[in-house]
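# Sequence and computational prediction follow.
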Amino acid sequence: MLEEHGAGLVIFDNLLSPVQQRNLNRLWGVPVFDRTELILEIFAQRARSHEGKLQVELARIEHQMTRLVRGWTHLERQRGGAGLRGGPGEKQIELDRRMLDSKARNLRERLARLERQRRTRRRGRDRREAFKVSLVGYTNAGKSTLFNALTHAGTWSADQLFATLDTLTRRLRLPDGQQIVVSDTVGFVRDLPHSLIEAFRATLEETADADLLIHVVDSVAPERTEQMEQVLRVLEEIGAGDVPMITVYNKIDAAGRPPAVERDPCGTIDRIWLSARTGAGLDGLRAALAERRADIVQESPAHVETP
């Protein structure tokens, strides 16, 4: 098949062991990537902010460290002689691991400084008692398009995986005159590599601090149910499973159905059908945000009504 199609790269939609990857690479004579490396490569191309690039670099280094054990034959050779790069008998694998450890430690320190700055900004928002809403959802569900439609932020959006890797926050004035803070976040995906979850944990944890989540769903996706379940699993993992949520079914223009607002048995708005691209149903979402905000503020003394 490789010869027939002239393929210069093979990608597996699952995780390969280092030995499997090495043997297939040697057997076929072309680069072999697994699912984790593909996602890391996409993240590397999409990252725009300084912090996003650092997070991706850390995830790639941590993944590379798992590839060291029996990954390449040269790692089994011993070094002789003393020197700055290692003592007598030190294996190449130990040198490589030490170098990667040093890089990873440096990246974690830099990310920790950025996280402290983010916490300072977050405390500033908390002191102003801002009501926080986070957009979450499977990648390519239309979160950035909806974010732009609501806040007129003009942030970059595209019909592709992981178009957004950096959390962006804007204020939004609701129909009742109240203001809220809306954040766009990185999209989720099934079998997201653990190293990426760890690297982006600081960013993702902003979701757990939100007062309300908007779960954006691609209403025409064939695997819509599985994608929704995956998002809920990641939310549980980062401690955001108990945050109140509105589920927004996006892209109704492609589904050919009208906008709608649906309530649960208790009368609380929990589902909205809209199109972020055409704007159909956005007024219903703004009204729903005002209603849910008022309900949550009434239940929690931490927020005060401020015009």
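Yes, it's here.
# Phi, psi for I269 please.
phi -60, psi 120 (degrees, to the nearest 10).
# Name the nearest residue to it, sequence neighbours excluded.
Among residues not flanking I269 along the chain, A288 sits closest, at 4.4 Å (C-beta to C-beta, 6 or more residues apart in numbering). C-beta: built from backbone N, CA, C; applies to glycine.
# same deal with D184?
F147 (4.1 Å).
# before we move on, what about I61?
Per C-beta to C-beta, 6+ apart, closest to I61 is A104, 5.0 Å.
# Mind listing residues that contact stretch 245-257?
Outside stretch 245-257, the residues within contact range by C-beta atoms under 8 Å, 6 or more residues apart in numbering are 141-142, 145-146, 212-220, 228, 258-259, 269-278, 280-281, 285, 288-289, 292.
# What's the end-to-end length of it?
End-to-end span of stretch 245-257 (C-alpha to C-alpha, to the nearest Å): 23 Å.
# ok now that stretch, how far from the chain's centre?
21 Å (C-alpha atoms, centre = their mean, to the nearest Å).
# Next, find the distance separating the residue nearest the centre of the chain from A260.
Centrality entry for the chain: nearest residue to the mean C-alpha point is V186, 3.0 Å, by C-alpha atoms, centre = their mean. Relative to A260, V186 is positioned 28 Å away (criterion: C-beta to C-beta, to the nearest Å).
# repeat for A288
Using C-beta to C-beta, we find A288 at a distance of 11 Å from A260.
# Find the residues that touch each one of the two.
With C-beta under 8 Å, 6+ apart, A288 and A260 have common neighbours I272.
# quick one: which of those two has more around it?
A288 (24 against 13; other C-beta atoms under 10 Å).
# who are the neighbours in contact with the more buried one?
A288 touches 246, 261, 269, 272, counting by C-beta under 8 Å, 6+ apart.
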